[in-house]
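Visitor: Give me a model of this one.
(2 chains)
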2 protein chains.
Amino acid sequence: MTENSDARAFQIGTAFLAFVMLLLIPFAAFAQEVLPSWNEGKAKSDILAFVKTVTTEGGDGYVAPEDRIAVFDNDGTLWSEQPFYFQLGFAIDRVKTLAPKHPEWKNKEPFKSVLAGNLAGVAKSGEAGIVDLVMATHAGQTTDEFEKIVTDWFATARHPKTNRPYKEMTFLPMRELLDYLRANGFKTYIVSGGGIEFMRPMTEKMYGIPPEQVIGSSIVTKYQLNGDEPVLMRQPKVNFVDDGPGKPVGINRGIGRRPIFAAGNSDGDYEMLRWTTAGAGPRFGLIVHHTDSVREYAYDRKSAFGKLDKALDEAPKRNWLVVDMKNDWRKIYPFDQ
Amino acid sequence: MTENSDARAFQIGTAFLAFVMLLLIPFAAFAQEVLPSWNEGKAKSDILAFVKTVTTEGGDGYVAPEDRIAVFDNDGTLWSEQPFYFQLGFAIDRVKTLAPKHPEWKNKEPFKSVLAGNLAGVAKSGEAGIVDLVMATHAGQTTDEFEKIVTDWFATARHPKTNRPYKEMTFLPMRELLDYLRANGFKTYIVSGGGIEFMRPMTEKMYGIPPEQVIGSSIVTKYQLNGDEPVLMRQPKVNFVDDGPGKPVGINRGIGRRPIFAAGNSDGDYEMLRWTTAGAGPRFGLIVHHTDSVREYAYDRKSAFGKLDKALDEAPKRNWLVVDMKNDWRKIYPFDQ
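Guide: Numbering: from 1, shown residues only, chains lettered A, B, ... in the order given. Below you'll find the predicted structure:
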């Protein structure tokens, strides 16, 4: 070997080493950064183990990328649902905006209670009252108009306790979980009892979930012509309630594959958890348990919003992971220090 | 420069050239292979021009990849719909299979006509008869069971005229169009009046379209427990008819974005074409006109299946491309010579 070729070999060796290190840096960074807002413990390690199982080619639990479907409830799972579902906050604000055009609301429930800021009174109007409230505030316009109304509301509306914009009241550990699953080839969906057209304008920005991966409750929409312009008019009639036993129905209709991962936080997610985890092969069911009265809220069996009772009882038997927010999460909101 | 470094420079030069050529080969091949079953002409060049417009970054008509949504009708657009919708063929075969368990069908329409091979008699039973036929053949089992029934049928059933498996009766030029749009960042959907769970087991293999990108008509499904096993039972009740004015409704619910490209072949696609092409920016509406009585079928304004009348009249005014199958397509089926 000549001196020249030695030098050349050295150069190539150095270049190769630099190249390999360049490749390794992102992996090292990635390894450090997985689920950073989750404390070390069983919850985090169970999630990591599951993802490793389904992504290990040649392994017993390997799942092809196209079947890596993960479904997430929204209210109480991806963002807060206290002191009330944020969509109820939207409806309340909308009643106030529309009230000048509806003088009759001053003496008509549930509008009277809404205008008086009396949530107990709204609750007392029961399911029929809630339906009236939804229809008065969510129907009567085109889908394009409603999208603008929702977008405008999110731009200014704030949470009654934190005074933060509602759109910031997301759970950082769950957003990290969404990112982590997607980085491992999962397709992530929202499957929520909330209104599909209330969520869609925001989910891409909030969670990286595009409109076509949002499944939710809906009212009837009707195609018609305004002059020569085709529009979809939102009708004051319930089309589909994507909650409880409706969730597997919504998943089947909207996705057409059975998910292998489901996350929820209430009995409204019970059937979705059952449906998901009853499939063959590796399955993961996750329940967010609201245990942190200081940083968020502590509630379960008796809550008006997000009641968690039956699903909590059955979690051990069904092998569902119960995440203890207080102990498993280092941070809750993105703005937490 | 020494001789050694000259040789080295030459080597690098050669290696670089080889590398560049390697990069260019697929592009050259790609350029030759775009829509090979389409004859040169206005139809093909209009499609190429539209795709160029929406994919040219910095251009006036540029559309971000996430908004490149393309929707395709199925019957008569992606595969044949003659001499009857293939799903009707499925229903007929299913009646024959189930008949031993239903002796009453011998004297009850539309089953009597189905069993006698009398399609005119089936048609005479009207919409109510067709609904009876669908419910008797598409309901009463779990979604998993129905998927197997459909998959098994496709494995053996054959087209009455060509004697080819139904799943081979796809239009090759349209499959090339799907591939071409996807290669240009489009997300392709089926939006069909056909049953969603009749299509989903086959669309990935037939068209490269996964179940979650199939929108169709549906019957009601109900979550229930069989022992401890959660199932979705198919109920004998119509849930949604994804046809005519139902198509924009189905698109809005299932995708939540307005497509920029729509392809259909009948008046059942009229509202989908209107809805798609009424949006802002570049839009493309395409109608497959069945003009080839030799290689496929020739029909339009008076056909029992796939009637094309109003949409054909309005195509010039709406700037929708009318594809003349006989003249615009070099091949129709994949098995054509």
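Visitor: Can you pull the residues of the stretch 51-200 of chain A lying near chain B?
Guide: Counting by CB under 8 Å from any CB of the partner chain, the residues of the stretch 51-200 of chain A close to chain B are A:Glu66, A:Thr143, A:Lys187, A:Ile196, A:Glu197, A:Arg200. Using the backbone N, CA and C atoms, a C-beta is placed for each residue, glycine as well.
Visitor: Which stretches in the stretch 1-150 of chain A count as helices?
Guide: With DSSP state H, counting those that start in this stretch applied, the stretch 1-150 of chain A shows helices at A:3-33, A:42-55, A:86-98, A:111-115, A:119-124, A:126-138, A:143-156, listed in chain order.
Visitor: average model confidence for the second one?
Guide: In other words, helix A:42-55. Over the span of helix A:42-55, the pLDDT mean works out to 98.
Visitor: Next, whatever residue of the stretch 51-200 of chain A ends up closest to chain B: secondary structure please.
Guide: With CB to the nearest CB as the measure, A:Arg200 is the residue of the stretch 51-200 of chain A nearest to chain B, at 4.7 Å. On the three-state scheme (DSSP: H, G, I helix; E, B strand; the rest coil), A:Arg200 is labelled helix.
Visitor: same check, this time on A:Gly268
Guide: Assigned by three-state DSSP, the conformation of A:Gly268 is helix.
Visitor: That one: neighbour count?
Guide: Other residues near A:Gly268 number 23, with proximity taken as other CB atoms under 10 Å in any protein chain shown.
Visitor: ok, the residue lying closest to it once chain neighbours are set aside to A:Ile196 distance?
Guide: With CB to CB, 6 or more residues apart in numbering or on different chains as the measure, A:Asp243 is the residue that lies nearest to A:Gly268, at 4.7 Å, once sequence neighbours are left out. In this structure, A:Asp243 lies at 12 Å from A:Ile196, with CB to CB, to the nearest Å as the measure.
Visitor: what residues are up against the residue nearest to A:Gly268?
Guide: Contact criterion CB atoms under 8 Å, 6 or more residues apart in numbering or on different chains gives A:Gly193, A:Ser217, A:Gly268 as the residues in contact with A:Asp243.
Visitor: PyMOL command to pick out the buried ones of the residues of the stretch 51-200 of chain A next to chain B?
Guide: The PyMOL selection below is limited to those of these classed as buried (16 or more other CB atoms under 10 Å in any protein chain shown):
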select buried, chain A and resi 143+187+196+197+200
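Visitor: Mind telling me the two of the residues of the stretch 51-200 of chain A next to chain B farthest from one another?
Guide: The largest separation in those, counting by CB to CB, is between A:Glu66 and A:Thr143 at 29.9 Å.
Visitor: Pull up the overlap in contacts between A:Asp243 and A:Ile196.
Guide: With contacts taken as CB under 8 Å, 6+ apart, A:Asp243 and A:Ile196 have A:Ser217 as neighbours in common.
Visitor: With only the CA atoms kept, save stretch A:152-171 in PDB.
Guide: What follows is the C-alpha trace of stretch A:152-171 in PDB, where atoms were taken according to Å, rounded to 0.1, in the frame of the first residue of the first chain:
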ATOM      1  CA  ASP A 152     -63.900  32.300  14.600                       C
ATOM      2  CA  TRP A 153     -65.100  31.100  18.000                       C
ATOM      3  CA  PHE A 154     -61.800  29.100  18.600                       C
ATOM      4  CA  ALA A 155     -59.800  32.300  17.700                       C
ATOM      5  CA  THR A 156     -61.200  34.200  20.700                       C
ATOM      6  CA  ALA A 157     -63.000  31.900  23.200                       C
ATOM      7  CA  ARG A 158     -61.300  31.100  26.500                       C
ATOM      8  CA  HIS A 159     -61.600  28.500  29.200                       C
ATOM      9  CA  PRO A 160     -63.500  29.700  32.200                       C
ATOM     10  CA  LYS A 161     -60.900  28.400  34.700                       C
ATOM     11  CA  THR A 162     -57.500  28.900  33.100                       C
ATOM     12  CA  ASN A 163     -58.500  31.800  30.800                       C
ATOM     13  CA  ARG A 164     -56.400  30.100  28.100                       C
ATOM     14  CA  PRO A 165     -57.800  29.700  24.600                       C
ATOM     15  CA  TYR A 166     -59.800  26.400  24.500                       C
ATOM     16  CA  LYS A 167     -57.500  25.200  21.700                       C
ATOM     17  CA  GLU A 168     -54.500  25.200  24.000                       C
ATOM     18  CA  MET A 169     -56.300  23.000  26.600                       C
ATOM     19  CA  THR A 170     -54.900  19.900  25.000                       C
ATOM     20  CA  PHE A 171     -53.000  17.100  26.900                       C
END
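Visitor: what's the model's confidence in that stretch, averaged?
Guide: 97.
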